[in-house]
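Asks: Structure, please.
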Amino acid sequence: MAASTASRELFTEGVRAVLQSWPVLQIAVDNGFGGVYGQQKADWMVDVVQQYFHDNADLQQYEVEDFLTQLMDQEFDTMVEDGSLPQVSAGLLQLYDQWQQGALQQLQNTIQTLAHNKTPRAKVTAPPMQSDSESGEETQ
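Replies: Below is the predicted model of the structure:
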């Protein structure tokens with residue numbers, strides 16, 4: 001098993017890439033579901049998730065899904081109901097498997113693919129408010 005500090009940092013980078021490409025988490029951060037420290041909570045989640053993998057042997061996908069569900073509920077008051085949990089959990093398990101096998105080049109390629117395929121974050125702005133005089137003119 002690969003246990004060097006550099007390879008563990010590579011796994012952490014992989015966890016970060018998966019979480020940063022997860023729309024549910026990014027929406028929660030962007031919309032303040034985690035409070036004023038939402039981005040710090042998202043960064044903290046990277047460390048917590050990678051530590052979870054290192055502390056638990058032979059994790060199953062449902063266990064990772066349950067862990068992520070708990071984190072999102074507790075830290076962002078968010079229930080993940082878009083069907084993305086299995087995909088995110090499987091991605092994390094794949095990265096951890098690559099790391100355990102010492103397939104660091106493959107792990108690096110997976111991280112680069114995630115970073116390259118990351119969808120741009122949508123910016124939502126409210127439409128400009130009409131004044132009373134403008135709305136009155138339209139109805140006449």
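Asks: Which pLDDT value goes with the most centrally placed residue in the chain?
Replies: Ranked by distance to the mean C-alpha position of the chain (Cα atoms, centre = their mean), the top residue is Leu19 at 2.2 Å. What the model reports as pLDDT for Leu19 is 95.
Asks: Helix or strand: which one has it?
Replies: helix 5-20 (DSSP states H and E).
Asks: so how far is Gly35 from the spatially closest residue to Leu85 that is not a sequence neighbour?
Replies: Closest residue to Leu85 apart from its sequence neighbours, by Cβ to Cβ, 6 or more residues apart in numbering: Glu65 at 4.5 Å. (Each C-beta comes from the backbone N, C-alpha and C, glycine too.) To Gly35, Glu65 is 24 Å away according to Cβ to Cβ, to the nearest Å.
Asks: more crowded one of these two?
Replies: Glu65 (18 against 11; other Cβ atoms under 10 Å).
Asks: these two touch, right, the more buried one and Ser89?
Replies: Yes - counting by Cβ atoms under 8 Å, Glu65 touches Ser89, with 4.7 Å between them.
Asks: show me what contacts the residue nearest to the centre of the chain?
Replies: Leu25, Ala42, Met45, Val46, Val49, Val88 (Cβ atoms under 8 Å, 6 or more residues apart in numbering).
Asks: same deal with Gly91?
Replies: Val18, Leu114.
Asks: which SSE is it in?
Replies: helix 85-100.
Asks: List the buried residues for that helix?
Replies: By 16 or more other Cβ atoms under 10 Å, the buried positions in helix 85-100 come out as Leu85, Val88, Ser89, Gly91, Leu92, Leu93, Leu95, Tyr96, Gln98, Trp99.
Asks: after it comes which helix or strand?
Replies: Next along from helix 85-100, by DSSP H and E: helix 104-117.
Asks: residues making contact with that following helix?
Replies: Against helix 104-117 from outside (Cβ under 8 Å, 6+ apart): 2, 7, 10-11, 13-14, 17-18, 21, 91, 94-95, 98-99.
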